[in-house]
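# Next input, structure requested:
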Amino acid sequence: MAPQTLTPLTVMLVAAEASGDILGAGLMRALRARLGSAGVRFVGLGGHAMAREGIESPFDIAELAIFGYADGIRAYPRVLRRARETAAIAAREKPDVAVLIDSWGFTLRVAHRLREQDPKLPLVKYVGPQVWASRPGRARTLAGAVDLLLSIHAFDAPWFEKAGLKTVFVGNPALARDFSAADPARLLTHIGAGEGEPILLVLPGSRRGEIRRMLPPFEEAVDRLKATRPGLHVVMPVASTVADVVREGVAGWRNPPHLIEDEALKADAFVAADVALACSGTVTTELALAGVPMVIAYRLGPVTHFAASLLIRTPYITLFNVAAGREVAPELIQTRCTGEALARELGKRLDDPGFAAAQATEQTAALEKMGRGQGDPSDQAAGALIAFLKAG
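This next block holds a predicted model:
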């Protein structure tokens, strides 16, 4: 199953969302560090981060950032077409291994096409579906589609190995994010804020559909907070894959946020923030790492929400809340996700620094339960991938 030699190695990586793009770029750097620049070649699909590392994508992955049944149905023909185009990369480039990153629906379709196209091509999934939270049957589905799972959650392995899929826990890259070089003073200068003036970080998501759903209640929350706290600075870091839809969405806000696209300034903003309003996702772990107390929000389309309510097996959707076994950071989901409720919870944390600090401390404790400090996940993923290929 594995190639006769590992050098030079052609690795195909497929990432269809901003979070997967970051994972892919980290894996590329780690493989290059282990094998040398001449020892590995990369092909596939990714976003801006992977492009900087050398991946030339045939199309913009932003169109694949889909969430929910309604969005999925509308996008289905496009997803199938892009899956065919992605598989065509493998047919042309003849990779030694294909690594399919997150994005369950799209990467599963790519896996099926790659398997039909070349049954001997090793297929690796990097980040599995959260079967411990809902739809455990997906473990069997994935086991039938790929040869190895690189897991970012310590509690994944029993679920997938029971289904017959070799699983290696490599750690969550979000837990390894380093904010030591961040400069909050640089952020203050950029947005024209004075020392000690409050900063609210607003993060509306990385998928176009969720951004459109989250911006209205987020706008109302900002307006309510600014009405009683005129000195509040609102900062919105933006993923490059959805920058256009965010700019369009906030263009008419009465209290427009400072949009941040520069990666260094984003890190500065995380360290400088007093509190955050975050769409549920990977960013909540990164905020906790930066020590930012937060309020977590999410809205689904009505059909998707109804289906999810029948399937979800855990009381929380935020990983550090799951790890802690309680709601360390408040989760305002669906009908609870209103501008009034969001503003009320954010106001508590803006007005009571002690309360906010206590939450930040509890968030940090929950990160320890998630495996914080267990080495560089990207390097561990690279090592597991190389070992898998050597084992053949």
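# mind listing the helices for the stretch 201-350 of the chain?
Secondary structure of the stretch 201-350 of the chain (DSSP state H, counting those that start in this stretch): helices at 208-228, 243-250, 263-272, 283-289, 302-311, 319-324, 339-351.
# tell me which strands and helices the fourth one is in contact with?
Other helices and strands packing on helix 283-289, by 3 or more Cβ pairs under 8 Å, 6 or more residues apart in numbering; DSSP states H and E, are strand 199-203, strand 275-279, strand 294-298, helix 319-324, helix 353-369. From N, CA and C alone the C-beta is placed, and that goes for glycine too.
# please redo it, this time with the cut-off set to 6 Å
Using 3 or more Cβ pairs under 6 Å, 6 or more residues apart in numbering; DSSP states H and E as the contact criterion, helix 283-289 has no neighbours among helices and strands.
# Need the residues that contact that helix.
For helix 283-289, the external contacting residues (Cβ atoms under 6 Å, 6 or more residues apart in numbering) are 174, 177, 203, 276, 278, 294, 296, 318, 320, 363, 367.
# Could you export it as CSV, CA atoms only?
This file holds the C-alpha atoms of helix 283-289, laid out as CSV (Å, rounded to 0.1, in the frame of the first residue of the first chain):
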residue,chain,number,x,y,z
VAL,A,283,-11.8,29.8,17.5
THR,A,284,-13.2,29.3,21.0
THR,A,285,-10.2,27.1,21.9
GLU,A,286,-7.8,29.7,20.6
LEU,A,287,-9.6,32.4,22.6
ALA,A,288,-9.3,30.3,25.7
LEU,A,289,-5.6,29.9,25.0
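# How far off centre is that helix?
11 Å (Cα atoms, centre = their mean, to the nearest Å).
# And for the longest one?
Using Cα atoms, centre = their mean, the mean C-alpha position of helix 208-228 is found 21 Å from that of the whole chain.
# Could I get the average pLDDT for that helix?
On average, the pLDDT along helix 208-228 is 95.
# Tell me the buried residues in that helix?
By neighbour count with 16 or more other Cβ atoms under 10 Å, helix 208-228 contains the buried residues 208-215, 217-222, 224-226.
# what's the answer for the last one, then?
Of the residues in helix 339-351, those buried by neighbour count under the rule 16+ other Cβ under 10 Å are 339, 341, 342, 343, 344, 345, 346, 347, 348, 349, 350.
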